[in-house]
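1. what's the 3D shape of this:
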Amino acid sequence: MRIAIYPGTFDPITYGHLDIIERSAALFDKVIVGVADDNYKNNLFSLEERLELVKFQVKKFSNVETKDFKGLLMNFVKKEGACAVIRGLRAVSDFDYEFQMSLMNKKLAADIETVFLMTSSEYLFISSSIIKQVSSLGGCIEGLVPKEVALALKEKYNKIKGI
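-> Modelled structure (predicted):
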């Protein structure tokens with residue numbers, strides 16, 4: 001069985017992420033969406049909230065599951081018996097960073113491949129950071145994230161603002 005890991009913080013999950021998940025599910029027997037607990041970002045949503053949002057969105061895929069992980073990605077990849085790491089690319093700037101990460105991952109686990117998938121053109125400009133910024137200012141994010149994610153963002157920012 002060919003297993004791939006699609007790692008990220010998914011804070012929050014967007015249609016760009018779901019595009020990569022759907023296309024990965026067609027390429028591999030099993031895809032595990034790895035929701036990172038450890039990261040160097042200031043997350044809006046807790047690990048539990050992020051896991052819940054991702055699980056709800058991927059339940060329509062029979063060969064996709066969601067798991068959280070801590071520590072080095074390559075340790076998680078080995079533990080799950082995966083042969084590949086999926087990374088989505090939007091622009092050349094993404095590639096520079098992802099290329100460096102893939103080389104480090106190759107050093108840590110020479111037998112694990114990194115598979116880069118270009119994001120579909122309609123999602124090239126979407127990032128979780130931009131989604132959070134627009135949502136925090138009350139802007140429209142319809143068509144960029146699933147409705148459940150938009151609602152979770154609205155509720156989170158209302159809570160922060162004391163509304």
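2. mind listing what's buried in the biggest helix by length in the chain?
-> As assigned by DSSP state H, the longest helix anywhere in the chain is helix 92-108. For helix 92-108, the neighbour count (16 or more other Cβ atoms under 10 Å) marks Asp94, Glu98, Ser102, Asn105 as buried. For every residue, glycine as well, the C-beta is placed using N, CA and C.
3. Confirm Glu65 sits in a strand?
-> Yes. Under DSSP: H, G, I helix; E, B strand; the rest coil, Glu65 falls within a strand.
4. remind me which residues of the protein are low pLDDT?
-> For the chain, the stretches with pLDDT under 70 are 39.
5. need the next SSE after the longest helix of the chain, C-terminal direction.
-> Going down the chain from helix 92-108, the next helix or strand is strand 113-118, by DSSP states H and E.
6. Check which residues of that next one are buried.
-> Per 16+ other Cβ under 10 Å, strand 113-118 contains these buried residues: Thr114, Leu117.
7. Next: stretch 22-34.
-> Quick answer for stretch 22-34 (16+ other Cβ under 10 Å): Arg23, Ser24, Ala25, Phe28, Lys30, Val31, Ile32, Val33, Gly34.
8. In strands, which of those residues appear?
-> Lys30, Val31, Ile32, Val33, Gly34 (DSSP state E).
9. Quick one: the residues you listed as TSV, columns for distance to Cys83 too.
-> Shown next, in TSV, are these (distance: Cβ to Cβ, whole Å):
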residue	distance to Cys83
Lys30	10
Val31	12
Ile32	12
Val33	16
Gly34	14
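10. picking up where we left off before, quick one, the longest helix of the chain and strand 113-118 angle?
-> Interaxial angle, helix 92-108 versus strand 113-118 (axes from the mean of the first three to the mean of the last three Cα atoms, to 10 degrees): 170 degrees.
11. can you give me the helices for the chain?
-> Under DSSP H, the chain gives helices at 15-27, 47-58, 73-79, 92-108, 128-136, 147-161.
12. looking at these, which is closest to Leu117?
-> Closest to Leu117 of the helices of the chain, according to Cβ to Cβ: helix 15-27, at 5.4 Å.
13. by contact count, what packs against that closest one?
-> Secondary-structure packing of helix 15-27 (3 or more Cβ pairs under 8 Å, 6 or more residues apart in numbering; DSSP states H and E): strand 3-8, strand 30-36, helix 47-58, strand 84-89, strand 113-118.
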